[in-house]
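Student: Sequence plus predicted model, see below.
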Amino acid sequence: MQYDGLAWAAALLALLAAAVAARILFGRGWFLGWLRGTCGLLFLAVAALVALVAKDLWSYDQLPVDKPLVTLEFKALASQRYQVTLLEGARAREVLLDGDLWQLDARLFRWKGLGALLGLEPGYRLERLSGRFLAIEQQALAQHPRAQLASSPYGVDFWRWLRLSQRDFFLFAPEAQRVTYLPMADGAVFTVSLSPTGLMADPLNQVAKDALRNWR
């Protein structure tokens, strides 16, 4: 809910910028028309950018309390090919993944400064599920080496921009989180939670426990 609210706030800001742009562009008189037109187009560009940032924020969810971020269930379709069911809260989706091992990448938004004082909760987005073969020569032949779980519209990626520019405005703390490679097995179920040290995967059934024990 918190990140939906942030997205709505950004969307309202985009509408405000669009309204200002319309007033400038279609105002009467056209005194200093070139300057007015330039400013109007600039406000339209700002409105479009803020709207895309709002859409990007909608792809993040508030971290669940005392619950895993996601549950992954693996079903073998063929040798070294799995159908993976990801369950986030009430939402379920399925992807195909080739390999012997799996890895999960996620993004995390933490707050600091004013955001922390206001009690804003961290948010997350599952980014990518990757497969890996134990035999290197098989990796290049994989048809489903990874599954993209989220994307940002039209390349407007607020989290990545904050990371690359190293500008957090004393408010945001974008982090990359990862569950490193763990074994896949038919019928295995894992949960992924956020711990103080990062993402942590736990086996949920005996198949997953046996797969971990045999792999290690």
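Tutor: That came through, no problem. Numbering: from 1, shown residues only.
Student: looking at this structure, which helix or strand does the model trust least?
Tutor: helix 2-25 (a mean of 57; mean pLDDT, DSSP states H and E).
Student: how far does the helix or strand following it sit from the chain's center?
Tutor: Under the assignment DSSP states H and E, the closest C-terminal helix or strand after helix 2-25 is helix 33-57. Centre-to-centre, helix 33-57 and its host chain are 25 Å apart (C-alpha atoms, centre = their mean, to the nearest Å).
Student: helices and strands around helix 33-57, which ones?
Tutor: helix 2-25, helix 158-165 (3 or more C-beta pairs under 8 Å, 6 or more residues apart in numbering; DSSP states H and E). Every residue, glycine included, has its C-beta placed from N, CA and C.
Student: Between helix 158-165 and that helix, find me the angle.
Tutor: 110 degrees (axes from the mean of the first three to the mean of the last three C-alpha atoms, to 10 degrees).
Student: Quick one: mean pLDDT over helix 33-57.
Tutor: If you average the pLDDT over helix 33-57, you get 76.
Student: Quickly list the domain ranges of this protein.
Tutor: As assigned by automatic domain parsing, the chain contains the domains 2-57, 62-215.
Student: would JSON lines of those with mean neighbour count be doable?
Tutor: Listed next are the domains of the chain as JSON lines, based on neighbours: other C-beta atoms under 10 Å:
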{"stretch": "domain 2-57", "mean neighbour count": "15"}
{"stretch": "domain 62-215", "mean neighbour count": "16"}
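Student: what's the least confident stretch among those?
Tutor: domain 2-57 - the lowest mean pLDDT of the domains of the chain, at a mean of 65.
Student: in the chain, which residue is closest to the centre?
Tutor: residue 125 (2.9 Å; C-alpha atoms, centre = their mean).
Student: Quickly note the distance from residue 45 to residue 166.
Tutor: Relative to residue 166, residue 45 is positioned 24 Å away (C-beta to C-beta, to the nearest Å).
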